[in-house]
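# Just to be clear, the model below is a prediction. Sequence and coordinates:
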Amino acid sequence: MNYQDYLSITPEIEQALKEGKPIVALESTILSHGMPYPENVEFAHKVEEVVRGQGAIPATMAIMDGKLKVGLNADELEIMCRAENVAKASRRDVAVYLAKKQTAATTVATTMMIADMAGIRVFATGGIGGVHRGAQETMDISADLQEFAHTNVCVISAGCKSILDIGLTLEYLETFGVPVLGYQTEEFPAFYSESSGFGVDARVEDAKEVAQILKTKWDLGLQGGVIVGNPIPHEYSMDHAVIDKAIDKALEMAKEKGIRGKQTTPFLLATIKDLTGGDSFASNLQLAYNNAKVAAQIAVAYAEI
């Protein structure tokens, strides 16, 4: 038995794969562990609408009933959004959750993995995982970064989550040969903010340019993903000082409560939302919609070549 036996692909997406139509992978951790109910239900449907609006087909991923789900119907999206007994699955957890038939949301790493198995090359998320602040002592480094090193999927994000050490994250990616592109920018975006002060490997101006880079990279047999840093729309960008103050406070609270591992990012994002009076949540929604739009445009351009 090979991994194809574990894939459950919706008829629409299966047909699109056969015909070479553009498809955009979407994660489910943002639904189950990143947003409150019922706001996440509205987001789940809206982000899929954004993808369709640009001429691509959305494929939200999850682990359910012993299968790697490629595309979810309305009832399945509701289950993920209610998040009752829904685990958070990174690469190390996939076999366990499949064998136990446990319901789990997919992180960036597992969404990339499933997308690659299905033959989907473009994935839109909010922010990627990375090297956590203080990782020199804790060794807290997201599995997302290893996935970029060997999985052939292009990930469009608003940078890495600003709770992370952006400089060390970029150094890690460089070590593993992962190209980091800036979408109409020379700076790597900082999730809630347009800029981080850190540069990208190359600036790209449009979806066609990204698609050509993807084709060239994989034609050459250069294994691994590509990161496209797509800045949050200017009108929703938050002040660096405000966000950094909230992050520092959230990190302090996490340390006091002994929160670590998988629980760290959801706790920090929820705490930052509270500390910023909900402004960070509104920004989170808008950057995710913007990433879905650009990802769909890239998927369309890639399908054309």
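Received it, and whenever you're ready, just let me know what you need. Residues are numbered from 1 along each chain as shown.

# host element of Val228?
Secondary structure assigned from DSSP states H and E places Val228 in strand 226-229.

# That strand: partners in the sheet, and parallel or antiparallel?
For strand 226-229, the pairing partners within the sheet under DSSP bridges are strand 154-157 (parallel), strand 180-183 (parallel).

# Using CSV, lay out those together with mean neighbour count, mean pLDDT and distance to Gly224.
Bear in mind the C-beta positions are built from the backbone N, C-alpha and C, glycine included. Formatted as CSV, these follow (neighbours: other CB atoms under 10 Å; pLDDT from 0 to 100; distance: least, CB to CB, whole Å):
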stretch, mean neighbour count, mean pLDDT, distance to Gly224
strand 154-157, 27, 98, 10
strand 180-183, 22, 98, 12
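
# Nearest to Ala143, out of those strands?
For those, the distance to Ala143 is smallest for strand 154-157, at 13.6 Å, taking CB to CB.

# what's the next secondary structure element after that closest one?
Using DSSP H and E, the helix or strand that directly follows strand 154-157 along the chain is helix 166-175.

# any low-confidence regions in the stretch 1-150 of the chain?
Under the criterion pLDDT under 70, the flagged ranges of the stretch 1-150 of the chain are 1.

# Just the strands from it, written as ranges.
Using DSSP state E, counting those that start in this stretch, the strands found in the stretch 1-150 of the chain span residues 7-9, 23-26, 57-64, 67-70, 87-89, 104-106, 122-124.

# one step back: take the strands paired with strand 226-229 and lay them out in a markdown table including distance to Ile128.
What follows is the strands paired with strand 226-229, written out as a markdown table (distance: least, CB to CB, whole Å):
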| stretch | distance to Ile128 |
| --- | --- |
| strand 154-157 | 5 |
| strand 180-183 | 10 |
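
# Leu214: which of those strands is closest?
Between Leu214 and the strands paired with strand 226-229, the shortest separation by CB to CB is 5.4 Å, and it involves strand 154-157.

# what residues are up against Ala98?
Heads up, residue 98 is Leu, not Ala. Contact partners of Leu98, counting by CB atoms under 8 Å, 6 or more residues apart in numbering, are Tyr6, Ile63, Gly66, Lys67, Leu68.

# quick revisit: how far does the strand holding Val228 sit from its chain's centre?
In this view, strand 226-229 has its centroid 11 Å away from the chain centroid, taken as CA atoms, centre = their mean, to the nearest Å.

# Just the buried positions in that strand, please.
Val226, Ile227, Val228, Gly229 (16 or more other CB atoms under 10 Å).

# Same check on stretch 238-246?
When burial is assessed from 16+ other CB under 10 Å, stretch 238-246 yields the following buried residues: Met238, His240, Ile243, Ala246.

# With stretch 187-198 instead?
Within stretch 187-198, judged by 16+ other CB under 10 Å, the buried ones are Glu187, Phe188, Pro189, Ala190, Phe191, Tyr192, Ser193, Glu194, Ser195, Ser196, Phe198.

# In JSON lines: those residues, plus distance to Ala25, secondary structure and pLDDT.
Rendered in JSON lines, the data for these read as follows (distance: CB to CB, whole Å; DSSP: H, G, I helix; E, B strand; the rest coil; pLDDT from 0 to 100):
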{"residue": "Glu187", "distance to Ala25": "26", "secondary structure": "strand", "pLDDT": "96"}
{"residue": "Phe188", "distance to Ala25": "22", "secondary structure": "coil", "pLDDT": "97"}
{"residue": "Pro189", "distance to Ala25": "20", "secondary structure": "coil", "pLDDT": "95"}
{"residue": "Ala190", "distance to Ala25": "24", "secondary structure": "strand", "pLDDT": "91"}
{"residue": "Phe191", "distance to Ala25": "20", "secondary structure": "coil", "pLDDT": "91"}
{"residue": "Tyr192", "distance to Ala25": "23", "secondary structure": "coil", "pLDDT": "88"}
{"residue": "Ser193", "distance to Ala25": "26", "secondary structure": "strand", "pLDDT": "89"}
{"residue": "Glu194", "distance to Ala25": "25", "secondary structure": "coil", "pLDDT": "92"}
{"residue": "Ser195", "distance to Ala25": "27", "secondary structure": "coil", "pLDDT": "85"}
{"residue": "Ser196", "distance to Ala25": "25", "secondary structure": "coil", "pLDDT": "90"}
{"residue": "Phe198", "distance to Ala25": "26", "secondary structure": "coil", "pLDDT": "95"}
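
# Apart from its neighbours in sequence, what residue is nearest Gly119?
Spatial nearest neighbour of Gly119, chain neighbours left out: Leu17 (5.5 Å); criterion: CB to CB, 6 or more residues apart in numbering.

# what do you get for Thr110?
Excluding the flanking residues, the one nearest Thr110 by CB to CB, 6+ apart is Ala89, at 5.2 Å.

# Could you give the number of residues near the one you found?
Here the count is done by other CB atoms under 10 Å, and Ala89 has 30 residues near it.
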